[in-house]
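**Student:** just need the structure, nothing else, for what follows:
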Amino acid sequence: MQTSFNALTRRPAAYVARSRTALILVIALLAACFVALTPSLARADDQLLSQGRPANASSTENASFPATAAVDGNPGTRWSSAFADPQWLQVDLGSAQRISRVTLTWEAAYAKAYQIQTSTDAANWTTVYSTTTATGGTQNLTVTGSGRYVRIYGTARATQYGYSLWEFQVYGPGGGTTPPDDFWGSTSDIPPAQNAVEVKILNRTNGKYPDSQVYWSFNGQTHSIAEQPYLDMPANSAGRMYFYLGSPNSPYYDFIEFTVGSNVFNGNTTRVDAFGLKLAMRLHAKDGYDVEVGENRQTFAEDRATTFQRFTDAVPSQFKVLAQTQAPYRIIAPGSDPSFRAGGANATYFTSYAQSVGVNAATSDIFGCAASLASNPDMCAALNRHVATLPASQQADPSQYYKAAPANYYAKFWHDNAINTLAYGFPYDDVAGQSSFISHSNPQWLLVAVGW
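**Tutor:** This is a model prediction of the structure:
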């Protein structure tokens, strides 16, 4: 179970006028009241979409002022940037959302000129608000736009210091956007949960296995989809649901992980140990939150042999064995392969790089975030992503990851083939919000797609 689960985390009657002049005055007053009230009524329906979501920034003044502090809901913590222009702070809402307003709560070091921008991919941005005459303090901005990512892009500081925000709050009606294909099928037939969340299992093996040969197993129950496609999941801790193809004890298997409270779901797909089956899950909550994680559509659409071959073609020579050791059933994580362990051909793969930043750890422990790295998630993530020698701000920038060896190219492959590039490729892959972990209160249903 990944450590994400240790830090779990959300909106009089009037009399008849005696003259035409009086009548006009009354109408004007009523209209003014209506106009004044309308924005507040609309705002009452808004949901706070950004709180607790993954965030990163172009820079941080130091480790005491991280990007996440601006979306943590705590008015006493803040993000602060380097003392230079331009700078940006962005939040990942988890799925494409309609945006209706943004609230900025500035510390004394504020932006005089900035833009509010949205994006679907964190690469191409659309400006939905712009100013060059901002005055700091608390600014409530009405905007119209949509996107999964929202950022403030500062172009001119008002002080000699950087940009500093106590809170960066993004609001919208919630509900996200409907997935653009029929991969998930209809959700109108999902029965209401009597317990914590209703789970529906989907056969996405492209005809390789019928529903009668796609099995799920949880808490002593084992059923095929044909027998029982639903599970009314109760609250539980540190749970796993297993999936099998062909038979209930088939070597073709995999699992998802979760903890479920009485009113919250926390879970993820995982490649920390190995790839066994293509898996994706979609969580929908009663407030309209709707997020999907796992392997992407292209990976689900291809044959299993193609996925194995693509992995082999994509990774450096040291990693190709991972698709052979337990083939055709699993592609194992590098820390589990003998070649990366003591005495193996690749046992020193990470040694020099780790020592260059003062870490003396076995290569297998770096892949597994074990031993001395078990208590140092940031360093373990930085080593796996090959950003350990970069400034802290760049270590939180996904565009810097896996650019050079040594790196965890096994994890890179699963990120490259995941929905929104979010995957659990090693135990601390949740650092900087890069994992497939999702968490939300008031869950309504969870779809789990099982592929070949």
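**Student:** G73: neighbour count?
**Tutor:** 13 (other Cβ atoms under 10 Å). C-beta: built from backbone N, CA, C; applies to glycine.
**Student:** which residues touch it?
**Tutor:** By Cβ atoms under 8 Å, 6 or more residues apart in numbering, the residues touching G73 are 51-52, 167.
**Student:** kindly recompute the last result at 7 Å.
**Tutor:** G73 makes contact with 51-52, according to Cβ atoms under 7 Å, 6 or more residues apart in numbering.
**Student:** before we move on, what about the one 4 residues further on?
**Tutor:** Shown in contact with T77 (Cβ under 7 Å, 6+ apart): A69.
**Student:** touching, R78 and W106? I think so.
**Tutor:** No. Using Cβ atoms under 7 Å as the test, R78 is too far from W106 to be in contact (9.2 Å).
**Student:** what sits against T421?
**Tutor:** Listed by Cβ under 7 Å, 6+ apart, the contact set of T421 reads H415.
**Student:** helix or strand: which one has the residue nearest the centre of the chain?
**Tutor:** By Cα atoms, centre = their mean, the chain has its centre lying nearest to G94, at 5.2 Å. Taking DSSP states H and E as the definition, G94 sits inside strand 87-106.
**Student:** which elements pack onto that strand?
**Tutor:** Packing partners of strand 87-106 (3 or more Cβ pairs under 7 Å, 6 or more residues apart in numbering; DSSP states H and E): strand 55-57, strand 138-157, strand 164-172, strand 290-294.
**Student:** paired strands for the helix or strand that that strand is followed by, with orientation please.
**Tutor:** Remark: after strand 87-106, the chain's next helix or strand is strand 111-119, criterion DSSP H and E. Partners of strand 111-119 in the sheet, by DSSP bridges, are strand 126-131 (antiparallel), strand 138-157 (antiparallel).
**Student:** please identify the deepest-packed of those.
**Tutor:** For these, average neighbour numbers computed from mean count of other Cβ atoms under 10 Å are highest in strand 138-157, which has a mean of 19.
**Student:** so it versus strand 164-172, what angle?
**Tutor:** Calculated by axes from the mean of the first three to the mean of the last three Cα atoms, to 10 degrees, strand 138-157 forms an angle of 120 degrees with strand 164-172.
**Student:** got the contact list for strand 138-157?
**Tutor:** 85-93, 95-105, 111-120, 122, 126, 128-129, 163, 168, 170.
**Student:** would you write a ChimeraX line that selects the buried entries of the residues you listed?
**Tutor:** Buried members of the contacts of strand 138-157, defined by 16 or more other Cβ atoms under 10 Å, are picked up in ChimeraX with:
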select :86,87,88,89,90,91,92,93,95,96,97,98,99,100,101,102,104,105,111,112,113,114,115,116,117,118,119,120,122,128,129,163,168,170
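**Student:** mind giving me the domain split of this structure?
**Tutor:** The record's domain parsing of the chain by automatic domain parsing lists 48-172, 181-452.
**Student:** using TSV, lay out these together with mean pLDDT.
**Tutor:** Converted to TSV, the domains of the chain look like this (pLDDT from 0 to 100):
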stretch	mean pLDDT
domain 48-172	93
domain 181-452	96
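**Student:** that older thread, can you list residues touching both of R78 and W106?
**Tutor:** Both R78 and W106 are contacted by 164-165, under the criterion Cβ under 7 Å, 6+ apart.
**Student:** got the CA positions of the strand or helix carrying M379 in PDB?
**Tutor:** Using DSSP H and E, M379 maps to helix 377-385. Output of helix 377-385 as PDB, limited to C-alpha atoms (Å, rounded to 0.1, in the frame of the first residue of the first chain):
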ATOM      1  CA  PRO A 377      10.000  10.300  -0.100                       C
ATOM      2  CA  ASP A 378      11.300  13.400  -1.900                       C
ATOM      3  CA  MET A 379      14.800  12.100  -2.400                       C
ATOM      4  CA  CYS A 380      13.500   8.600  -3.400                       C
ATOM      5  CA  ALA A 381      11.200  10.200  -6.000                       C
ATOM      6  CA  ALA A 382      14.000  12.500  -7.200                       C
ATOM      7  CA  LEU A 383      16.400   9.600  -7.700                       C
ATOM      8  CA  ASN A 384      13.900   7.500  -9.600                       C
ATOM      9  CA  ARG A 385      13.000  10.500 -11.900                       C
END
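**Student:** hmm, who's touching it?
**Tutor:** By Cβ under 7 Å, 6+ apart, helix 377-385 touches 3, 350, 353-354, 359, 366-367, 369, 373, 388, 395, 401-402, 407-408, 411, 426, 428-429, 431.
**Student:** the stretch 201-350 of the chain: helices as residue ranges?
**Tutor:** For the stretch 201-350 of the chain, the helices defined by DSSP state H, counting those that start in this stretch cover 297-301, 304-314.
**Student:** as CSV, those with mean neighbour count would be great.
**Tutor:** Output for these, formatted as CSV (neighbours: other Cβ atoms under 10 Å):
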stretch, mean neighbour count
helix 297-301, 16
helix 304-314, 16
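**Student:** got JSON lines for these, with distance to S58 too?
**Tutor:** Putting the helices of the stretch 201-350 of the chain into JSON lines (distance: least, Cβ to Cβ, whole Å) gives the following:
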{"stretch": "helix 297-301", "distance to S58": "31"}
{"stretch": "helix 304-314", "distance to S58": "30"}
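**Student:** out of those, nearest to V71?
**Tutor:** Among the helices of the stretch 201-350 of the chain, the nearest to V71 by Cβ to Cβ is helix 297-301 (29.1 Å).
**Student:** for stretch 52-62, buried residues please.
**Tutor:** Residues of stretch 52-62 classed as buried by neighbour count (16+ other Cβ under 10 Å): 52-61.
**Student:** between the two ends of stretch 172-182, how far is it?
**Tutor:** Distance across stretch 172-182, first residue to last, is 25 Å (Cα to Cα, to the nearest Å).
**Student:** wait, T205 sits on G451?
**Tutor:** Yes. At 5.8 Å, T205 and G451 qualify as touching, with contact defined as Cβ under 7 Å.
**Student:** so if I had to pick from the two, which one is more boxed in?
**Tutor:** Here T205 and G451 are compared on neighbour count by other Cβ under 10 Å; more neighbours surround G451, at 26 against 21.
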